[in-house]
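Enquirer: Here is a sequence together with a model predicted from it:
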Amino acid sequence: MKEKLVVIGAGMASGRMLEELFKLSPDAYDVTLFGAEPRGNYNRIMLSPVLSGEKTYDEIVTHDAEWYATHNVTCRFGEAVTGIDRARKVVVTAAGETPYDKLVIATGSAPFIIPVEGKDLPGVITYRDLDDTNAMITAAEKGGKAVVIGGGLLGLEAAAGLKERGMHVTVLHLMGHVMERQLDESAGFLLRRDLEKRGIKVMCRASTAAILGKDRVEGVLLEDNIGVEADLVVMAVGIRPETRLANNAGLEVARGIEVNAQMQTSDPDIFAVGECVEFDGHLFGLVAPLYDQAKVLAQTLVGSPAAFVVKELSTKLKVTGCDLFSAGDFADADGREDIVFRDPARGVYKRLVLQDDQIVGAVMYGDTADSNWFFGLIRDGEDISEMRDTLIFGPSFQGGSPQDPMAAVAALPPDAEICGCNGICKGEIVEAIENGATDLSAVRAVTKASGSCGTCTGLVEQVLAVTLGDDFVIPAAQPMCGCTDMTHEDVRRLIKSQELKSMPAVWQELGWKTSCGCHVCRPALNFYLLADWPLDYQDDPQSRFVNERKHANIQKDGTFSVVPRMWGGITNPDELRAIADAAEKYNVPTVKVTGGQRIDLLGVKGEDLPYIWADLNKAGLVSGHAYSKGLRTVKTCVGTDHCRFGTQDSTGLGIKLEKVLWGSWTPHKLKLAVSGCPRNCAEATCKDIGVVCVDSGYQIGIGGAAGMDVKETELLCQVDTEEEAIEVVMAVTQAYREGGKYLDRIYKWMAKVGLDWIRATVVDDLDSRRALVERFELSQSIYRKDPWAEHARDKAEIYAPLANLTLEAAE
Amino acid sequence: MSWIDIGALDDIPARGARVVKTVHGCVAVFRTGADEVFALENACPHKAGPLAEGIVHGKAVTCPLHNWVISLETGLAQDADEGQVSTYPAKVEGGRILLDAHRLKARTAA
Ligand code: SRM
Ligand SMILES: Cc1cc2nc3c(=O)[nH]c(=O)nc-3n(C[C@H](O)[C@H](O)[C@H](O)COP(=O)(O)OP(=O)(O)OC[C@H]3O[C@@H](n4cnc5c(N)ncnc54)[C@H](O)[C@@H]3O)c2cc1C
Ligand code: SF4
Ligand code: FES
């Protein structure tokens, strides 16, 4: 007869423990697994990516029905254990009693709920399991305001996820800086600044007095009588071990269930594992030590000797773009010294705490590339006196080896930890690779490295590359061009975060492989720089495609076309006369009405451009930017001026929009239209931004196109007034300029950030809308002017040949 | 060689070009980011695109019509493209750009 093993709690610790157990001895026990949640084991730490939308629940399931069946696990999910009768060796649930020979308690922990008025109102949730996560996702669908109480790891991941889903998020934190358990003040400051940059409001020293609301939550009241509105409150102030069952059963419990190094409780047949335990005065809140416990317990259960030891831990935050690392003890104390490195412009901060020639703590923000190396030094208590002078610069500066991340990984010793969650060292990965695991998923399957939170994926790939040599190519995201390995997104993020304000600064700081870029990256960099730093950056004509450099479209025979602006498609006899005169004077072979409601003069000689422009300028005609990655045309219909169906002055609004937006540079071309009624004669529903006037106001749609892809706009919002319509159009244009990848039209950008995010940013959040409009206006103070007039006046000579040798040669 | 002065280095923007008219057509005179000058026939080997209107990077120019990359030193099309344009001796002295008049006149024969 097999012994009966009953496990209470289907969480991360018990899942791992069962795996280890079946590995050691597949048939030692008849296993029954109780779980209060109506589902099996999943990767709890990946709830944050589920919340932010980067992953789905299915992707984070660790054990499925098939696995339980294969190992004959009797699953009792959705069934909470309510009591343990140690005398009769049974556990009790609503359905009855289940006998055990050996019992494992793996009940994890319960979120701590601050005992204030209103804590039970609907709309107040904690962050622990999938139901909580789904509750937040559902709440976020309605938009509105969220308050997260608690600025620790969990609270900040919740805040970032809710923000990602389009809510307005405020974090209330009791202490002076966020994540104070893991970060010192300086790193806390940088993290807070990064969170605020992404629109999350952070209030420190904020002590919650009450949660307000009648039928559901409406706000949070702070001790100093400040009120914060809220449609959703997430409490993430801490956890405490779930010990109720153990307590009632009379087991020894301090803060957690007390266990010895074999994970045995005060009852020899009862074991405990995971966050519910206390060992040698320690409590646990991260998975790495739980996995060690799971391994030890599995061995104990099959009678092998094993002992759990507490190891040094490190922390990372799973919020994209907030790179932080912390390990060890970094409190100030006698006999401790600091080495600090700061690069304020890059937002980089590194601090090492030394004692007796060893590193005892490390905090890093903004650049955590070397964190594993430092963590190894802390864990191994390495003597660092020899390299103290250059220590802070990381492994690449020790012993003069080149500053190459691959070299750094190659230099790691076999026992250097690569995957913190699973405690996997480089040596184990190398061994797996040598045994035939030649890609990431194979390594993950064999070792579990990078299988949990995933932040070490890059490192694992580097180990693969170092071990396999040329046989492994790191699957890189599409780089911008051959001059760099970075993607557009990386480059754009670094231009902002490192405050790179010139082309040479980008080449230098981001390690361009060529002396001065190429025709692919230079136009993109020029756009990013002028969009991000309108006042500081000087537009570089030499980095522009000829059309934008010469403000005309080049033709296949090297001549140019000239398209003056006709605001909203309206012209008059004077303008038409000036165009006719110019066409005659400069022998323009073709005069054509364009698809954008204006007139094109095709076939103008390059050297005539400044002169034809000067002539057109005299009649008030300015550049139509028919050549630009910027505002092209605003097409309009006749609207209320003449049409029997017109509901609003579509022509007037179109002209106003064109006057506001002209001259602005955008990632790709930007075309607008305004139709006077839903008959839509201006074809507004296939423009990048299209306005359809209706009786009750203005419907603004975005993301249309009618080029290589034909796309219908999606409704962004409806507004009541022209003023508001103009404001929303400016704001969405600015958001697109700030975030769009070069050569992505609005519909492609929209597919990446999501219409919901755009709506939240430019429509719902009035502060954010106003800020976008302000930044747009600031940029337009430089760029809203006629380049033709400028070039005709100041730069005419560059359109002429440098020298004319035809006369000499004729002699 | 008979060097003739065709203008000041500063008449051409760094990473830019200007053309010089000859009886046989235009010659493009390039200035690189490192202030070297090169003179090439202003007609891409592909479909005669005006190279002087291209983006200059390193010692190469990208044709504005279909993005062929042409070496300023050899006139050869780079990468997978095949073709070559004529190159002409050019140098900078005392901030002035000098071309070889002899070669420019004998252009068709080159
Ligand atoms: C002149 C004009 C055709 C005409 O005779 O009507 C025209 C001419 C050119 N279009 Fe266009 N497009 C013209 C209206 C359009 C329209 C219709 C519209 O705007 O209502 C479209 C489809 C709508 C749209 O953009 O969604 C259009 C979709 C394109 C595309 C495809 C864009 C896409 O995202 O798929 C390109 C290629 C590109 O931009 O990369 C393009 C590119 C071009 C270029 C600039 C090609 C080039 O790089 O040399 C053409 C310049 C011709 C020349 O030698 O001057 N043109 N082009 C129209 C100028 C409108 C204006 O007044 O500014
Ligand atoms: C959102 C989030 C993000 C996190 N991120 C990280 C991270 O990045 N890195 C990291 O190291 N750690 C992270 N953690 C912590 C990590 O998830 C926990 O340390 C780990 O899940 C604890 O494992 P456990 O098995 O002890 O408890 P749990 O995984 O919580 O499992 C306990 C299970 O027992 C069940 N249970 C409780 N009582 C009963 C009962 N009476 N009867 C039946 N079932 C019961 C519970 O419902 C639960 O399913 C995160 C946690 C959360 C919530
Ligand atoms: S959309 Fe057509 S019907 Fe409506 S106002 Fe314009 S022209 Fe008239
Ligand atoms: S003409 Fe130069 S690339 Fe086609």
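Expert: Right, received. Where do you want to start? Ligands and ions are numbered 1, 2, ... in the order given.

Enquirer: any idea how far residue A:622 is from residue A:689?
Expert: 21 Å (Cβ to Cβ, to the nearest Å). Where you see a C-beta, it was placed from the backbone N, CA and C, and this is true even at glycine.

Enquirer: more neighbours, those two?
Expert: residue A:689 (27 against 18; other Cβ atoms under 10 Å in any protein chain shown).

Enquirer: a helix runs through residue A:428, doesn't it?
Expert: Yes. The assignment for residue A:428 is a helix, going by DSSP: H, G, I helix; E, B strand; the rest coil.

Enquirer: wait, what's in contact with it?
Expert: The neighbourhood of residue A:428, defined by Cβ atoms under 8 Å, 6 or more residues apart in numbering or on different chains, consists of A:447, A:449.

Enquirer: what's the answer for residue A:548, then?
Expert: By Cβ under 8 Å, 6+ apart, the neighbours of residue A:548 are A:523, A:541, A:627-629.

Enquirer: Out of the residues you listed, which comes closest to ligand 4?
Expert: Nearest to ligand 4 out of those is residue A:523 (Cβ to the nearest ligand atom; 16.6 Å).

Enquirer: Around the closest one, count how many other residues there are.
Expert: Residue A:523 has 21 nearby residues by other Cβ under 10 Å.

Enquirer: Now do it, the pLDDT please.
Expert: pLDDT recorded at residue A:523 is 97.

Enquirer: There's contact between it and residue A:544 in this structure, I believe.
Expert: Yes. Counting by Cβ atoms under 8 Å, residue A:544 is a contact partner of residue A:523 at 5.9 Å.

Enquirer: any shared contact partners between those two?
Expert: residue B:55.

Enquirer: Which parts of chain B are helices?
Expert: All helices of chain B, identified by DSSP state H, fall at B:101-105.

Enquirer: for ligand 4, what are the nearby residues on it?
Expert: Counting by Cβ under 6 Å from any ligand atom, chain B comes close to ligand 4 at B:44, B:46-47, B:49, B:63, B:65-68.

Enquirer: Tell me the buried residues within these.
Expert: The neighbour-count test (16 or more other Cβ atoms under 10 Å in any protein chain shown) marks B:44, B:46, B:49, B:63, B:65, B:68 as buried among those.

Enquirer: Contact partners for the fifth one?
Expert: Residue B:65 makes contacts with A:554, A:556, B:44, B:46-47, B:49-50, as judged by Cβ under 8 Å, 6+ apart.

Enquirer: same check, this time on residue A:19
Expert: residue A:294.

Enquirer: again, only using 10 Å
Expert: A:41, A:62-63, A:67, A:71, A:291, A:294-295, A:298, A:448 (Cβ atoms under 10 Å, 6 or more residues apart in numbering or on different chains).

Enquirer: And the pLDDT at the residue of chain B found nearest ligand 1?
Expert: Residue of chain B nearest ligand 1, by Cβ to the nearest ligand atom: residue B:65 (8.9 Å). Model confidence at residue B:65, expressed as pLDDT, equals 92.

Enquirer: which one of the contacts of residue A:19 is nearest chain B?
Expert: residue A:448 (43.6 Å; Cβ to the nearest Cβ).

Enquirer: Give me the neighbour count for that closest one.
Expert: Neighbours around residue A:448, by other Cβ under 10 Å: 18.

Enquirer: tally of neighbours for the closest residue to it other than its chain neighbours?
Expert: Closest residue to residue A:448 apart from its sequence neighbours, by Cβ to Cβ, 6 or more residues apart in numbering or on different chains: residue A:422 at 4.4 Å. The local packing of residue A:422 (other Cβ under 10 Å) involves 22 other residues.

Enquirer: Contact partners for residue A:422?
Expert: Residue A:422 touches A:16, A:287-288, A:291-292, A:428, A:444, A:447-453, A:456, counting by Cβ under 10 Å, 6+ apart.

Enquirer: Kindly report the same for residue A:767.
Expert: Contacts of residue A:767 by Cβ under 10 Å, 6+ apart are A:168, A:199.

Enquirer: A strand includes it, no?
Expert: No. Per three-state DSSP, residue A:767 lies outside any strand segment and is helix.

Enquirer: From residue A:201, how far out is it?
Expert: Distance, residue A:767 to residue A:201, using Cβ to Cβ: 10 Å.

Enquirer: same check, this time on residue A:226
Expert: Taking Cβ to Cβ, one finds residue A:226 at 12 Å from residue A:201.

Enquirer: burial count for residue 88?
Expert: Assuming you mean chain A. 9.

Enquirer: Sorry, I should have been clearer: chain B.
Expert: 21.

Enquirer: Then residue B:78?
Expert: 12.

Enquirer: Could you find the closest non-adjacent residue to it?
Expert: residue B:69 (4.3 Å).

Enquirer: So that neighbour sits against residue B:75, correct?
Expert: No. Residue B:69 is beyond contact range of residue B:75, at 11.8 Å (criterion: Cβ atoms under 10 Å).

Enquirer: For the helix-or-strand element of chain B with minimal mean pLDDT, enumerate the helices and strands it packs against.
Expert: Using mean pLDDT, DSSP states H and E, the weakest-scoring helix or strand in chain B turns out to be helix B:101-105, at a mean of 79. Using 3 or more Cβ pairs under 10 Å, 6 or more residues apart in numbering or on different chains; DSSP states H and E, the elements in contact with helix B:101-105 are helix A:806-810, strand B:3-8, strand B:16-22, strand B:87-88.

Enquirer: what distance separates the shortest one from the centre of its chain?
Expert: Shown here is strand B:87-88, whose average C-alpha point lies 7 Å from the average C-alpha point of the whole chain (Cα atoms, centre = their mean, to the nearest Å).

Enquirer: confidence score at the closest residue to residue A:538 other than its chain neighbours?
Expert: Of all residues not flanking residue A:538 in the chain, residue A:502 sits nearest, at 7.9 Å (Cβ to Cβ, 6+ apart). With respect to pLDDT, residue A:502 scores 86.

Enquirer: surely residue A:502 meets residue A:539?
Expert: No. Residue A:502 lies out of contact with residue A:539 (Cβ under 10 Å); the separation is 11.5 Å.

Enquirer: residues shared between the contacts of those two?
Expert: Common neighbours of residue A:502 and residue A:539 (Cβ under 10 Å, 6+ apart) are residue A:529.

Enquirer: Quickly list the domain ranges of chain A.
Expert: A:3-110+A:241-301, A:124-237, A:323-393, A:407-542, A:547-623, A:650-784 (automatic domain parsing).

Enquirer: where in the chain is pLDDT low?
Expert: No chain specified, so I'll use chain A. Per-residue confidence for chain A (pLDDT under 70) gives these ranges: A:332, A:344-345, A:398-405, A:407-408, A:421, A:451-455, A:475-477, A:807-811.

Enquirer: actually chain B
Expert: For chain B, the stretches with pLDDT under 70 are B:106-110.

Enquirer: Could you pull out the strands in it for me?
Expert: B:3-8, B:16-22, B:25-31, B:37-41, B:55-57, B:60-62, B:69-71, B:87-88, B:90-93, B:96-100 (DSSP state E).

Enquirer: Alright, calling it a day.
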